[in-house]
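> what follows is a predicted protein model with its sequence.
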Amino acid sequence: MKQTAVLSDLGGVVVEFDTDRVVHYIAQAAGRSFDDVQQAVYHKERLLPFELGQIQPEAYYEGLRSQLRLSWSYDQFVRFWNDIFTENRPVSRLLQKLRSRMRLFALSNTNVLHLDHIKNRILSPSLFHEWIASCDVGLRKPDPRIYRLDGIHRRPARDGRSRTRRRPAGYSVRKSPTTGA
């Protein structure tokens, strides 16, 4: 059977990441312990809605800033928040070679800040035909619905351009009561 598509995760595959780095940065800036900061950064009532696109990046930042009494500006936060990624060049080169013969899909549980940073600073946005991110579709792996999104089963655009998948038709996420997002 001829393969026609490649579905690839981003983190730990196409990009390497060191999540401890941002925790160390924040711990140092806030004068807090690594464990306190780690619990705040990965608090599921804050991080999960952020990764599902239910709250905006500013709301996530404000929650951390308030809990940790962080003195960083939003721009400082974004810079350190995104300073955890490096390209896995052997994998991205392999994908670039495959791109002309197969449809390439990026599938990732991530937030909009990380996704935009990866697409615009780490990898070429055109590396994948389609980018499917939890923050865009309101679903996370391993939820089986994320693998059944319409774009995964369609033919690529004739112009070969990349697309970012959005929430599937008929699927809605709960809006955040604080941000309305």
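Happy to help now that I have it.

> low pLDDT regions in the protein?
The model of the chain has pLDDT under 70 over residues 150-181.

> in it, which residue is closest to the centre?
residue 110 (2.5 Å; Cα atoms, centre = their mean).

> dump the residue contacts of that one.
10, 11, 51, 118, 133, 134, 135 (Cβ atoms under 8 Å, 6 or more residues apart in numbering). (Each C-beta comes from the backbone N, C-alpha and C, glycine too.)

> same list (those) but as a markdown table, adding distance to residue 90, secondary structure and neighbour count.
What follows is these, written out as a markdown table (distance: Cβ to Cβ, whole Å; DSSP: H, G, I helix; E, B strand; the rest coil; neighbours: other Cβ atoms under 10 Å):
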| residue | distance to residue 90 | secondary structure | neighbour count |
| --- | --- | --- | --- |
| 10 | 15 | coil | 24 |
| 11 | 16 | strand | 17 |
| 51 | 27 | helix | 23 |
| 118 | 17 | helix | 25 |
| 133 | 23 | strand | 27 |
| 134 | 26 | helix | 23 |
| 135 | 27 | helix | 23 |
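
> got JSON lines for those, with distance to residue 37 too?
Putting the contacts of residue 110 into JSON lines (distance: Cβ to Cβ, whole Å) gives the following:
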{"residue": "10", "distance to residue 37": "24"}
{"residue": "11", "distance to residue 37": "20"}
{"residue": "51", "distance to residue 37": "18"}
{"residue": "118", "distance to residue 37": "23"}
{"residue": "133", "distance to residue 37": "25"}
{"residue": "134", "distance to residue 37": "23"}
{"residue": "135", "distance to residue 37": "22"}
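
> just name the closest of the residues you listed to residue 36, please.
residue 51 (21.2 Å; Cβ to Cβ).

> so where does the residue nearest to the centre of the chain fall, helix or strand?
For residue 110, there is no host helix or strand (DSSP states H and E).

> ramachandran coordinates for it?
phi -160, psi 170 (degrees, to the nearest 10).

> residue 70 too?
phi -80, psi 130.

> wait, what's in contact with the closest residue to it other than its chain neighbours?
With sequence-adjacent residues excluded and distances taken as Cβ to Cβ, 6 or more residues apart in numbering, residue 70 is closest to residue 30, at 5.0 Å. By Cβ under 8 Å, 6+ apart, the contact list for residue 30 reads 37, 68, 69, 70, 71.

> what's near enough to touch residue 121?
residue 82.

> Three-state assignment for it, please.
helix (DSSP: H, G, I helix; E, B strand; the rest coil).
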